[in-house]
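Enquirer: Dropping the sequence and predicted coords here.
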Amino acid sequence: MKQLLILDQKDYEKSMPVKEVTAVRGVVVHYDRIAFQKSRSGVYKLLGGGVEGEESVLDALKRELKEEAGFLLRPETVAPLGEIVEIHRDLKDPGQIYQRRSFYFLCRIQSHRVSPTLTESEKLAGFLPVFERPDKVIEENLRLLSKAWELRDTFFLQMLLQGEITANGRPVFPVKSNVKLG
């Protein structure tokens, strides 16, 4: 998969052990909007999360869309968009490096939904599934977030709106945007 961006905080020693995590992110488009989880504080994140155990990337994508929004993935519609790598000192164990590879996929969902099954931390943060315009999400996340790794999805959206990310050689959003980060 095409590497879109590396977000390296360079806040660690290179000799530290590395904790590697793989994640998936689903880009579900409905007209000029994309599906997100929105927190009570107003932060948006794309639907997705970590690959668990021996789970395949596709199985993780199906599970995450169902858990976070009650969406049922149509697997035959999945198209790879790219990968973003985050590297920074592990927040839970400052003696190691945290490296997450997030794989982004354009996907379609079935017309019916099931009840989401949010994690306790998602419930505490008040996350709810919403469809929103990407330019609004960029604006809100830039206002509320500060660290590069927190802005991972925001950087992705900027690249998507600029036409830098395509699915099967075609733009995901046909009209380019002038929204600028930073």
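Expert: Received the coordinates, thanks.
Enquirer: Now do stretch 138-156, average pLDDT.
Expert: What stretch 138-156 shows for mean pLDDT is 90.
Enquirer: now the chain, which segments are flagged as low pLDDT?
Expert: 174-182 (pLDDT under 70).
Enquirer: for it, what's the longest helix?
Expert: If you go by DSSP state H, the chain has its longest helix at helix 57-69.
Enquirer: Give me the buried positions along it.
Expert: Buried residues in helix 57-69, defined by neighbour count with 16 or more other C-beta atoms under 10 Å: 57, 60-69. In short, each C-beta sits where N, CA and C put it, glycine included.
Enquirer: Take the residues you listed and lay them out in CSV including distance to Gly163.
Expert: Output for the buried residues of helix 57-69, formatted as CSV (distance: C-beta to C-beta, whole Å):
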residue, distance to Gly163
Val57, 25
Ala60, 28
Leu61, 24
Lys62, 28
Arg63, 30
Glu64, 26
Leu65, 25
Lys66, 30
Glu67, 31
Glu68, 27
Ala69, 26
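Enquirer: re earlier: which strands or helices does the longest helix of the chain pack on?
Expert: Secondary-structure packing of helix 57-69 (3 or more C-beta pairs under 8 Å, 6 or more residues apart in numbering; DSSP states H and E): strand 18-30, strand 33-38, strand 44-50, strand 71-73, strand 97-107.
Enquirer: 7 Å instead, please
Expert: strand 18-30, strand 44-50, strand 71-73, strand 97-107 (3 or more C-beta pairs under 7 Å, 6 or more residues apart in numbering; DSSP states H and E).
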